[in-house]
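> No letters, just coordinates:
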């Protein structure tokens with residue numbers, strides 16, 4: 001019993017009982033049942049619209065979280081691969097993967113940085129020389145290119161250099177975003193079950209089995225997709241560097257690194273790396289330029305006809321046009337990070353849609369067989385339609 005004589009049955013800890021409770025009807029009560037139902041529907045629609053607006057408002061942050069998922073999948077895939085060879089705990093395997101990754105980037109920036117920076121400093125000189133050679137070639141073919149046109153082109157180049165400088169500044173400003181992706185991704189990789197249980201807790205119990213199945217398929221697809229992407233980056237980078245260095249193309253190491261890193265972005269990365277490679281190649285003469293074109297097509301042929309089909313058989317087979325359209329949309333909306341994450345996001349959407357189609361097929365089959373829908377498939381389909 002409380003001090004004022006009221007019963008305290010069912011109260012625990014510091015549960016509060018007001019000394020005076022309100023009496024009488026509430027002024028906000030809706031007596032008409034139809035109006036009550038319509039008010040509830042309006043509240044649901046307003047909540048949905050508000051949630052959509054909130055997601056749009058924080059879409060950049062949500063994309064960072066998705067990037068952390070992608071990084072966690074890469075770390076988890078490396079730990080699983082290491083576990084096949086070394087029977088040690090998962091935490092130690094993840095630590096080894098992170099240590100090897102950090103060691104690679106330390107080597108790349110400290111030991112390779114001096115040589116790469118020296119080679120990168122030659123880029124403006126090569127571009128200027130290539131431009132002057134192009135102007136001389138066009139003038140020799142009868143094109144009227146006067147000093148005013150050359151001056152305009154140089155001013156545009158200077159503006160382009162300023163744009164590149166701003167882009168580089170944006171890249172340095174994006175290090176904070178990359179740091180967040182790394183930190184969140186490491187936490188997710190260390191305890192994936194913790195976050196999976198947290199998401200499952202937010203879902204009604206009848207649909208949790210479907211969630212676990214879909215999440216498992218998404219995780220497996222993401223691991224395989226990222227493993228294939230890393231393999232493609234490694235092959236393209238090494239092949240490009242080895243062939244260009246063998247022929248004596250300037251900046252072979254820098255071009256190899258750029259080609260390998262840009263291989264993470266399908267379609268767009270290959271075009272950018274190819275243009276840079278051919279531009280540098282023709283700075284050493286026609287023969288060297290033709291050789292760089294040969295190297296570009298050779299590397300892309302190996303990637304397109306050997307690596308990509310091998311990876312697609314174990315992951316989701318995405319149409320190149322669909323991937324390019326997704327990259328265009330994500331690049332316009334979110335910039336560089338959207339361009340990098342467009343392909344993994346599209347793969348996850350396709351896995352979810354395939355699972356939804358599978359549940360719909362099971363429901364249709366159960367209706368045709370028994371005349372009543374399968375409860376599990378019906379519950380999962382109902383959740384997807386909400």
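On my side now, so go ahead. The structure displayed is predicted, hence computed values, not measured ones. Numbering: from 1, shown residues only.
> which other helices and strands contact the strand or helix carrying residue 361?
Here residue 361 sits within helix 336-370, counting by DSSP states H and E. In terms of contacts (3 or more C-beta pairs under 8 Å, 6 or more residues apart in numbering; DSSP states H and E), helix 336-370 is packed against helix 59-85, helix 208-247, helix 320-334, helix 375-385. Where you see a C-beta, it was placed from the backbone N, CA and C, and this is true even at glycine.
> helices or strands next to the third one in the packing?
The reference is to helix 320-334. Here helix 320-334 touches helix 59-85, helix 336-370, going by 3+ C-beta pairs under 8 Å, 6+ apart.
> which outside residues touch that helix?
Residues outside helix 320-334 that contact it (C-beta atoms under 8 Å, 6 or more residues apart in numbering): 59-60, 63, 265-268, 338-339, 341-343, 345-346.
> I'd like to know which of the helices and strands packed on helix 320-334 lies nearest to residue 34.
Of all the helices and strands packed on helix 320-334, it is helix 336-370 that lies closest to residue 34, at 32.1 Å by C-beta to C-beta.
> Spit out the contact partners of residue 337.
Neighbour list for residue 337: 63, 64, 67, 174, 177 [criterion: C-beta under 8 Å, 6+ apart].
> go on, residue 180?
Residues in contact with residue 180 (C-beta under 8 Å, 6+ apart) are 64, 68.
> Also the one 4 residues further on?
By C-beta under 8 Å, 6+ apart, residue 184 lies in contact with 64, 65, 68, 72.
> Okay, now the unreliable bits of the stretch 251-386 of the chain?
Scanning the stretch 251-386 of the chain for pLDDT under 70 picks out 305, 308-316, 368, 371-386.
> Return the set of buried residues in the helix holding residue 361.
For helix 336-370, burial by neighbour count (16 or more other C-beta atoms under 10 Å) applies to 337-348, 350-351, 355-356, 358-359, 362-363, 366.
> now it and helix 59-85, what's the angle there?
With axes from the mean of the first three to the mean of the last three C-alpha atoms, to 10 degrees as the basis, helix 336-370 and helix 59-85 are set at 70 degrees to each other.
> can you tell me which of the contacts of helix 320-334 lies nearest to residue 44?
Ranked by distance to residue 44 (C-beta to C-beta), the contacts of helix 320-334 are led by residue 59 at 22.7 Å.
> any idea of the pLDDT on that closest one?
Note for residue 59: predicted pLDDT of 83.
> How much space separates it from residue 332?
Counting by C-beta to C-beta, to the nearest Å, the gap from residue 59 to residue 332 is 13 Å.
> So between these two, which is more surrounded?
Remark: of residue 59 and residue 332, residue 59 carries more neighbours, 13 against 10, as counted by other C-beta atoms under 10 Å.
> Including distance to residue 30, could the contacts of helix 320-334 go into TSV?
As requested, those are exported to TSV (distance: C-beta to C-beta, whole Å):
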residue	distance to residue 30
59	36
60	40
63	41
265	55
266	55
267	56
268	55
338	45
339	50
341	46
342	47
343	50
345	43
346	45
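> and which of those residues is nearest residue 212?
Closest approach to residue 212 among the contacts of helix 320-334 (C-beta to C-beta): residue 345, at 21.0 Å.
> In contact with that closest one, which residues?
Residues near residue 345 by C-beta under 8 Å, 6+ apart: 66, 326, 330.
> go with 7 Å
residue 66 (C-beta atoms under 7 Å, 6 or more residues apart in numbering).
> cool, and residue 185?
Going by C-beta under 7 Å, 6+ apart, residue 185 touches 68, 71, 72, 75.
> Could you check how far the first one is from residue 248?
So that's residue 68. 42 Å.
> So if I had to pick from these two, which one is more boxed in?
Legend: neighbour count by other C-beta under 10 Å for residue 68 and residue 248, higher for residue 68 (20 against 10).
> Need the nearest residue in space to the more buried one, chain neighbours excluded.
Leaving aside its sequence neighbours, residue 68 sits nearest to residue 184 (C-beta to C-beta, 6 or more residues apart in numbering; 3.7 Å).
> Retrieve the pLDDT associated with that neighbour.
Residue 184 is assigned 89 on the pLDDT scale.
> Which helix or which strand is home to it?
Using DSSP H and E, residue 184 falls in helix 175-190.
> following that helix, which helix or strand comes up?
Next in sequence after helix 175-190, counting helices and strands by DSSP H and E, comes helix 192-201.
> And that next one, what does it pack against?
Helix 192-201 makes packing contacts with helix 208-247 when contacts are defined by 3 or more C-beta pairs under 7 Å, 6 or more residues apart in numbering; DSSP states H and E.
> The next helix or strand after the helix it packs on packs against which elements?
With elements assigned by DSSP H and E, the helix or strand that comes after helix 208-247 is helix 252-262. Under the contact criterion of 3+ C-beta pairs under 7 Å, 6+ apart, helix 252-262 touches helix 113-120, helix 208-247, helix 268-282.
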